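> Sequence and predicted structure below; questions after.
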Amino acid sequence: MFTVVAEDIAKSYSRKVRALKGVSLSVDKGELFGLIGPDGAGKTTLFRILTTLILPDSGTASVCGYDIVKDYKEIRKRVGYMPGKFSLYQDLSVRENINFFATLFGTNLKDNYETVKDIYSQIEPFERRKAGALSGGMKQKLALSCALIHRPDVLFLDEPTTGVDPVSRKEFWAMLKRLKEQGLSIIVSTPYMDEATLCDRIALIRNGSFMDTDSPSGIISKFDRTLLSVKGSRMPALLKALRADDRVHSCFAFGDTHHIVMNKSVSADVIGSLHSSLLARGFDDVEIKSIAPNIEDCYMYLDTINR
Amino acid sequence: MKSFRTFISFVKKEFSHILRDTRTLMVLLVMPVVMILLFGFALSTELKSVKVAVYAPSMDVITERIVTQVDASPYFTVSHYIKEKSGFERVMLSNKAQVIIAFEENFYHRVVHDGQGAIQILVDGTDMNIGQMATFYLNSIIASCRQELMMESMLNATETLLPPVMINVNTKMLYNPQMKSSFNFVPGVMGMILMLVCAMMTSVSIVREKQRGTMEVLLVSPVKPVSIILAKAIPYFTLSVVNLVTIIFLSVHLLKVPLSGSLFWVIVVSMLFIMVSLSLGIFVSTIVNTQEEAILISSMVFMLPTLLLSGMLFPIESIPVVLQYVSHFIPAKWYIEAMKVMMIQGLDIRYCMDSVLILCGFLVVIVSASILTFKNRL
């Protein structure tokens, strides 16, 4: 049985702003499901619909077997939610925050200490400190503890790692993994493509619709084009030249290299021919390699063919 | 039981928010005190021993009589006698007097034989309020003097004193015969402070949760939204009661407002008004999304009209008719009216029942409006 099922969910804020254009997903018990997409793709809207905060224009969804429109009260007892800009109560101490959220769900820290121990023990030394004085990483840990204090069946985390340092981000994902192993279903959204591989399954979301939903490896295995990485000394000019080449399907700057997706019908020795044509145009120090695609390559590629 | 404990922890949390923001708290607690002191003493528009200089070329019986009466009144003290006409300006400029009473030459003779004596009153116009009131008072003192003189002359009729020209200064002043301004503003300050603490602070505190994203978490919890709102209202209700007690205490002991009516009913009606303001604040918070909007709406839509249209600064009768109609829709107006009846006129609650009932009507309408607009979702 799926913990979260959504069927063709659509939501518009006005005639022009169509946040979600009919998305479907299903999340299994004990699954870590990632919503991967840039800002404004519709991630937060989907979260708010699934947590019963807003109503969809069309489509149905259920969380823990309860309908999000009819049985919203039941759902609210069973989900943990950490909104994107959730900032806790800055003027309350760590202890007061967790106690408040515990009583909010009719429980207390003592009874549920085991549930949050793994995370809360890390911030426990700062119990008396005001939440506003915590570092970004610690704030997220506290927020996660607050969302977990009532032992929810599903956890909704809206961009939990945005604005958090790389070390804390790694720690955060390790915590999610342990929670998942305890049987918790987790839906997490992130704009960071490198975090996608840490999920069991992901949905690539763009402009309010899912381009693909699969496991990260499944998405990567569907990538059937030749992917090359190109490096040279005049990178901006190189990007322009590559985009003009008719063998190239799309080309993006990717850190200090360019990743290019080739058109379907390219010869086996595409590297050699591309190399020589670039040399002819005056790029004499170009380095071309064939590479395996990552999630970001897949996202960018799907983005170009869905446009 | 469980939900009650949740509610209590909610209220505790709200109290912590208020108590930890010490600066705002100080402002809220000290403001009524400052306002009472300012309006009561510094900004007082009543006259108190205004310095008067007298120019009387012929120091005769009538002149002396008028001067003594002016000096005897609590509003004026005769501080200076001017010998020369040229000394007027110097006296005024050197602040020796704010008012100069100048009698014409041979004043007695003119009054007794010609039937009209001329007196000139020169007033320092820099403080217009004081100036206008001083003229008004002096006129009435002189008028009563003339009336006395006339009565005397009619009684002993030996002297042929022609009836002097009457100056009709007939102003009725009920309830506050001394025009003691400190009395009238007390209900006004009460109305304003309560409106500020309840309507503005409550709406801001609810909207703050919306803006910080904590409201989302609160909504995605089993807690009923009604208890979220009620928990917000309780601390501000408490704060308002503290303010109410401060204001009543200060007005009775410092300003000597008689508070001749029933203290019990004054407090009951104030509580009613506090609830009206709280529900206004809650209503605002359901329709706006940012703290700035909340502050703007509560100050422009609630505070300003309370100040201008409730009869606190200007009497309602003297504002344009259109605005008089508008003023009917301002809860503070009815509250202030009721407070004036009970605190200053010292009458029973029966005499302001209409205001009290209208306040009840406001409460019902606003509470139902907020319930209708309140959302269980975002």
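The structure has been received and is ready for your questions.

> how about the helices in the stretch 151-300 of chain A?
For the stretch 151-300 of chain A, the helices defined by DSSP state H, counting those that start in this stretch occupy A:166-181, A:216-221, A:235-244, A:270-280, A:295-306.

> Do I have it right that B:Val257 meets B:Ser251?
Yes - counting by Cβ atoms under 8 Å, B:Val257 touches B:Ser251, with 4.2 Å between them. C-betas here are computed from N, CA, C, even on glycine.

> what about B:Met31, how many neighbours?
17 (other Cβ atoms under 10 Å in any protein chain shown).

> Residue 139 sits in which helix or strand?
Since no chain was named, I'll use chain A. helix A:136-148 (DSSP states H and E).

> oops, I was thinking of chain B
Per DSSP H and E: helix B:128-156 holds B:Asn139.

> Heading C-terminal from that helix, find the next helix or strand.
Following helix B:128-156 toward the C-terminus (DSSP H and E): helix B:181-195.

> List, one by one, the residues from the stretch 1-150 of chain A near chain B.
A:48, A:51-55, A:72-73, A:76-77, A:79, A:81-89, A:91-92, A:96, A:99-101, A:103-106, A:146-147 (Cβ under 8 Å from any Cβ of the partner chain).

> try 6 Å this time
A:51, A:53-54, A:76-77, A:81, A:83, A:85-87, A:91, A:100, A:103-104, A:106 (Cβ under 6 Å from any Cβ of the partner chain).

> So which of those are in helices?
A:Arg76, A:Lys77, A:Phe100, A:Thr103, A:Leu104 (DSSP state H).

> Most neighbours out of these, which is it?
When neighbours are taken as other Cβ under 10 Å, the top entry among those is A:Thr103 (23 neighbours).

> hmm, back to that, what's the closest of the helices of the stretch 151-300 of chain A to B:Phe374?
helix A:166-181 (34.3 Å; Cβ to Cβ).

> The closest one to helix A:136-148, inter-axis angle?
Angle, helix A:166-181 to helix A:136-148, by axes from the mean of the first three to the mean of the last three Cα atoms, to 10 degrees: 20 degrees.

> so how far is chain B from the residue nearest to A:Ile187 when sequence neighbours are not counted?
The shortest distance from A:Ile187 to any non-neighbouring residue, by Cβ to Cβ, 6 or more residues apart in numbering or on different chains, is to A:Phe33 (4.8 Å). According to Cβ to the nearest Cβ, to the nearest Å, A:Phe33 stands 18 Å off from chain B.

> Against A:Ser14, how distant is B:Arg350?
Separation of B:Arg350 from A:Ser14 (Cβ to Cβ, to the nearest Å): 55 Å.

> actually A:Glu181, not the one I wrote
43 Å.

> Next: B:Ile121.
Distance from B:Ile121 to A:Ser14, counting by Cβ to Cβ: 69 Å.

> Look at those two and report which has more neighbours.
B:Ile121 (14 against 7).

> Make sure the more buried one is indeed in a strand.
Yes - counting by DSSP: H, G, I helix; E, B strand; the rest coil, B:Ile121 is found in a strand.

> any idea of the pLDDT on B:Leu19?
With respect to pLDDT, B:Leu19 has a value of 91.

> ok, it - how many residues close by?
11.

> circling back: overlap in contacts, B:Val257 and B:Ser251.
The contact sets of B:Val257 and B:Ser251 overlap at B:Val186 (Cβ atoms under 6 Å, 6 or more residues apart in numbering or on different chains).

> got the residues of the stretch 151-300 of chain B near chain A?
Checking the stretch 151-300 of chain B against chain A by Cβ under 6 Å from any Cβ, the hits are B:Arg212, B:Gly213, B:Glu216, B:Val220, B:Ser221, B:Pro222, B:Val223.

> Quick check: the farthest pair among these?
Pairwise distances across those (Cβ to Cβ) peak at 20.9 Å, for the pair B:Arg212 and B:Pro222.

> which residues in chain A form strands?
A:2-12, A:18-28, A:32-36, A:58-63, A:66-67, A:79-82, A:154-158, A:185-190, A:201-206, A:209-214, A:227-231, A:248-254, A:257-262, A:287-290 (DSSP state E).

> just for the chain, where's the confidence low?
Answering for chain A, as no chain was given. A:86-87 (pLDDT under 70).

> my bad, chain B
Short version for chain B, where the test is pLDDT under 70: B:1, B:42-47, B:115, B:125-132, B:156-184, B:312-315.

> What are the structural domain limits within it?
B:50-174, B:180-373 (automatic domain parsing).

> Relative to the whole chain's centre, how far out is the longest one?
It stands for domain B:180-373. Centre-to-centre, domain B:180-373 and its host chain are 16 Å apart (Cα atoms, centre = their mean, to the nearest Å).

> try the first one
Distance, stretch centre to chain centre, for domain B:50-174: 32 Å (Cα atoms, centre = their mean).

> Residue nearest the middle of chain A, spatially speaking?
When Cα atoms, centre = their mean is applied to chain A, the residue found nearest the centroid is A:Thr190 (2.7 Å).

> Tell me who's in contact with it.
Going by Cβ under 6 Å, 6+ apart, A:Thr190 touches no other residue.

> what's the answer for A:Gly136, then?
A:Val164.

> Number of residues surrounding B:Ile8?
That count, for B:Ile8 with other Cβ under 10 Å as the rule, works out to 12.

> a strand runs through it, doesn't it?
No - secondary structure of B:Ile8 (three-state DSSP): helix, not part of a strand.

> Let me know the distance separating it from chain A.
In terms of Cβ to the nearest Cβ, B:Ile8 sits 8 Å off from chain A.

> And B:Val257, by the same measure?
Taken as Cβ to the nearest Cβ, the span from B:Val257 to chain A is 38 Å.

> I'd guessed that residue sits against B:Leu250; true?
No - if you go by Cβ atoms under 6 Å, B:Val257 and B:Leu250 don't touch, sitting 9.1 Å apart.

> The two - which one has more neighbours?
Per other Cβ under 10 Å, whichever of B:Val257 and B:Leu250 has more neighbours is B:Val257, with 22 against 19.

> phi, psi of the more buried one?
For B:Val257, the backbone dihedrals (degrees, to the nearest 10) come out as phi -70, psi 130.

> now do the one 5 residues further on
As for B:Ser262, its main-chain torsions (degrees, to the nearest 10) stand at phi -80, psi 120.
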